[in-house]
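Enquirer: Structure, please.
(chains A, B, C and D)
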4 protein chains.
Amino acid sequence: MIRIVVTGGTFDKEYNELNGTLFFKDTHVPEMLRLGRSLVEVGVDTLMMMDSLDMTDADRARIVQACRDAEESRIVVTHGTDTMVQTARSIATSGDAALAAKTIVLTGAMVPYAFGSSDGLFNLGSALSFVQALPAGVYVAMNGRCFPWDAVEKDREAGIFREVRT
Amino acid sequence: MIRIVVTGGTFDKEYNELNGTLFFKDTHVPEMLRLGRSLVEVGVDTLMMMDSLDMTDADRARIVQACRDAEESRIVVTHGTDTMVQTARSIATSGDAALAAKTIVLTGAMVPYAFGSSDGLFNLGSALSFVQALPAGVYVAMNGRCFPWDAVEKDREAGIFREVRT
Amino acid sequence: MIRIVVTGGTFDKEYNELNGTLFFKDTHVPEMLRLGRSLVEVGVDTLMMMDSLDMTDADRARIVQACRDAEESRIVVTHGTDTMVQTARSIATSGDAALAAKTIVLTGAMVPYAFGSSDGLFNLGSALSFVQALPAGVYVAMNGRCFPWDAVEKDREAGIFREVRT
Amino acid sequence: MIRIVVTGGTFDKEYNELNGTLFFKDTHVPEMLRLGRSLVEVGVDTLMMMDSLDMTDADRARIVQACRDAEESRIVVTHGTDTMVQTARSIATSGDAALAAKTIVLTGAMVPYAFGSSDGLFNLGSALSFVQALPAGVYVAMNGRCFPWDAVEKDREAGIFREVRT
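Expert: Numbers count the residues shown, from 1 in each chain, chains lettered A, B, ... in the order given. Below is the predicted model of the structure:
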């Protein structure tokens, strides 16, 4: 069984037609899994619904804790793209032995799932697959690829994730 | 680099608005990769555009040959779901040593990509990820899961793929 | 108040993912009205769910009867495109005085609403508007235009409705 | 022939995936007309691409002028919903005799066309139909209904247009 920890991000943003702003309501992850006809056994926890630029150290600590507390050894974290790498680092460097034995894959989207042109469904399919196939470690899955947490950065100008040599 | 061998299937079916039937035109795979913001290096070959129920032994032989001829050692085959397992078996039992060293993942869709409720984008993200992460072998990736070719069957009543003990 | 009489047609076809065929389940008209944020007072009757090529004289008689029986003087009929003009004629030439006092607009779609590229929402918005604005008569609303029943034909080669001089 | 004057509004907003904001690029009106298989003869002018809350008197004067300058006597204006009624009033009270002889219908959308749940296609089908069927005057077409310019207000709490008695 795989745990999906939802933290918000572009993935789950919606359009508020009353004032024209983007906001969070409920996560779309269960609906996306249905659309993908997923039969992977998952449990979905909505831990928070945040723009990742607004995340504090305390928020990141809660995410680390949620990964630690999960009974599952394979975890997908949905997350805003802007600080996804930072949260991956927090999980990977927590110094917790139980965490180090888990496979944890962070993913997100460049465009909200609720909008026509979203990459969200592709990314969820990708993250859910990498998390089943990869050995223990903390990874970022975006753009169809999967990077170890310490070998990736977001290029915010280009809107993509790329490998960095460390 | 990953080779994507397109053979048709529900994945790529379109609606002919002049006569109300489903038909094949061009593959949607490149468009789907763009939507997924994929940066995986891929080459896409449209080998055939067929309903998998219409595939003959000769068609399957062409697919085996295309996998053998590909320079890449990681290959995704898009395929109709009805005989996907049969084609996987043809590839896996070809007796070719070069093929045996490759990771080959077959995937498809229950609903055409061009229709609103398609699982295609999820499946493509999934297959493209499994093919990067798994060791040599022939697999079927559907429903968010990945099965070795000799441990899977399509349950046509339920419209899902499930594990079979061999 | 406006009566919407649903008879099926491409408009309401869905994809059966178990066998790859198109079929009818429930009408999408209420969902389409919600998507359009429609506040027009309507009552929706699902009279039948048929491909219009399969309609018999008896089916057409039921549609005429439903228009006659409706308390509303403004009626939209959703209908398959292939025999839409024929049904319009049946309504217009029924010889019923009460019917002659009503504004009746037939519409449909070239692509099922459930598919991404459907003209259905546009057509429903169009038909619902014409039926409010036009005087008594029987009309066909397709391609953004509205034709009197005796001045229109479907060009099946081109997949469009066009004016005919009578 | 019908003139479509594009002024922007929610209708045409897009999601900027680099910074997560909404912005204007090109109008979607031609694409929407293609999706609706519209065969209405139209000319589309992109006069401005603005949020209607940002419109000044000078902007409104340009819209009035564009309606006056158009050779067509039937005009659809796409417009942000927040000040749509105000622009309708500017057109209707311009005191220009040539304008008074035209049928002018303003419409817009509560959700951008580019997002999955948009009312835009429904509204465009509606406005394009009302403008063909109604006598000279200035109207607002939203929620499937059409209101004379001086008998409508936007209820911003509810996100709908409703009749007002004057």
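Enquirer: Grab the longest strand from chain A for me.
Expert: Ranked by residue count, the top strand of chain A under DSSP state E comes out as strand A:42-50.
Enquirer: What's the mean pLDDT across that one?
Expert: The average pLDDT within strand A:42-50 is 98.
Enquirer: Pull out the buried positions in that strand.
Expert: For strand A:42-50, burial by neighbour count (16 or more other CB atoms under 10 Å in any protein chain shown) applies to A:Val42, A:Thr46, A:Leu47, A:Met49, A:Met50. Any C-beta I mention is one placed from the backbone N, CA and C, and that applies to glycine too.
Enquirer: For chain A, which segments count as helices?
Expert: A:29-35, A:57-69, A:84-92, A:97-100, A:120-133 (DSSP state H).
Enquirer: List the contacts of the residue lying farthest from the centre of chain A.
Expert: Distance from the C-alpha centroid of chain A peaks at A:Leu18, with 28.6 Å (CA atoms, centre = their mean). Contact analysis of A:Leu18 by CB atoms under 8 Å, 6 or more residues apart in numbering or on different chains lists D:Arg156, D:Glu157, D:Gly159.
Enquirer: I'd like to know how many residues surround the first one.
Expert: This means D:Arg156. Neighbour count of D:Arg156, defined by other CB atoms under 10 Å in any protein chain shown: 11.
Enquirer: for it, what are its contacts?
Expert: By CB under 8 Å, 6+ apart, the residues touching D:Arg156 are A:Leu18, D:Asp82.
Enquirer: Would you quantify the distance from it to D:Thr107?
Expert: Separation of D:Arg156 from D:Thr107 (CB to CB, to the nearest Å): 17 Å.
Enquirer: beta partners of the residue most central in space within chain A?
Expert: Chain A has A:Thr78 as the residue nearest its centroid, 2.4 Å off, counting by CA atoms, centre = their mean. Beta-bridge partners recorded for A:Thr78 (DSSP bridges): A:Val6, A:Thr107.
Enquirer: Can you list the low-confidence ranges for chain A?
Expert: A:166 (pLDDT under 70).
Enquirer: and it, which of its residues are near chain D?
Expert: Residues of chain A lying close to chain D by CB under 8 Å from any CB of the partner chain are A:10, A:13, A:15, A:17-18, A:20, A:22, A:51, A:110-112, A:114-117, A:156-157, A:159.
Enquirer: Next, count neighbours for A:Gly120.
Expert: A:Gly120 has 29 neighbouring residues, counting by other CB under 10 Å.
Enquirer: Please list all residues in contact with it.
Expert: A:Phe11, A:His28, A:Met32, A:Ala109, A:Val111, A:Pro112, A:Tyr113.
Enquirer: how close does the second one sit to B:Gly120?
Expert: The reference is to A:His28. 18 Å.
Enquirer: A:Val85 is in contact with A:Asp155, isn't it?
Expert: No - if you go by CB atoms under 8 Å, A:Val85 and A:Asp155 don't touch, sitting 11.1 Å apart.
Enquirer: Who has more neighbours out of those two?
Expert: A:Val85 (22 against 10).
Enquirer: how near is that one to A:Thr56?
Expert: For A:Val85 relative to A:Thr56 (CB to CB), the value is 16 Å.
Enquirer: just A:Arg3 next, same as before
Expert: Using CB to CB, A:Arg3 is found at 23 Å from A:Thr56.
Enquirer: more crowded one of these two?
Expert: A:Arg3 (22 against 9).
Enquirer: quick one, what contacts that one?
Expert: A:Arg3 makes contacts with A:Val42, A:Gly43, A:Asp45, A:Ala70, A:Glu71, A:Glu72, A:Arg74, A:Ile75, A:Val76, as judged by CB under 8 Å, 6+ apart.
Enquirer: tell me the two of those residues that are most distant?
Expert: The span of the contacts of A:Arg3, defined through CB to CB, is set by A:Glu71 and A:Val76 at 14.8 Å.
Enquirer: Out of the two, name the residue with the larger neighbour count.
Expert: Between A:Glu71 and A:Val76, counting by other CB under 10 Å, A:Val76 is the more crowded of the two (27 against 7).
Enquirer: list the contacts for the more buried one?
Expert: So A:Val76 contacts A:Ile2, A:Arg3, A:Ile4, A:Val5, A:Ile104, A:Val105, A:Leu106, A:Thr107, A:Leu124, A:Ala127, A:Leu128, A:Val131 (CB under 8 Å, 6+ apart).
Enquirer: which one of the residues you listed is nearest D:Asp96?
Expert: Nearest to D:Asp96 among the contacts of A:Val76, with distances taken as CB to CB, is A:Leu124, at 55.6 Å.
Enquirer: ok, the nearest residue to the closest one once chain neighbours are set aside to chain D distance?
Expert: If the residues on either side of it in the chain are set aside, A:Leu124 comes closest to A:Met32, at 5.3 Å by CB to CB, 6 or more residues apart in numbering or on different chains. Shown here: A:Met32 relative to chain D, a distance of 13 Å by CB to the nearest CB, to the nearest Å.
Enquirer: thought A:Met32 was touching A:Phe122?
Expert: No - counting by CB under 8 Å, A:Met32 stays clear of A:Phe122, with 10.3 Å between them.
Enquirer: C:Val64: which of the contacts of A:Arg3 is nearest?
Expert: Of the contacts of A:Arg3, the one sitting nearest to C:Val64 (CB to CB) turns out to be A:Val42, at 53.0 Å.
Enquirer: Now the phi/psi pair for A:Glu17, please.
Expert: Dihedral pair for A:Glu17: phi -80, psi -10, per degrees, to the nearest 10.
Enquirer: so how far is D:Asp82 from it?
Expert: Distance from A:Glu17 to D:Asp82, counting by CB to CB: 12 Å.
Enquirer: and if you look at A:Leu18?
Expert: Counting by CB to CB - A:Leu18 and D:Asp82 are separated by 11 Å.
Enquirer: correct me, but A:Gly125 touches A:Leu35?
Expert: No - with contact defined as CB under 8 Å, A:Gly125 does not reach A:Leu35; the gap is 9.9 Å.
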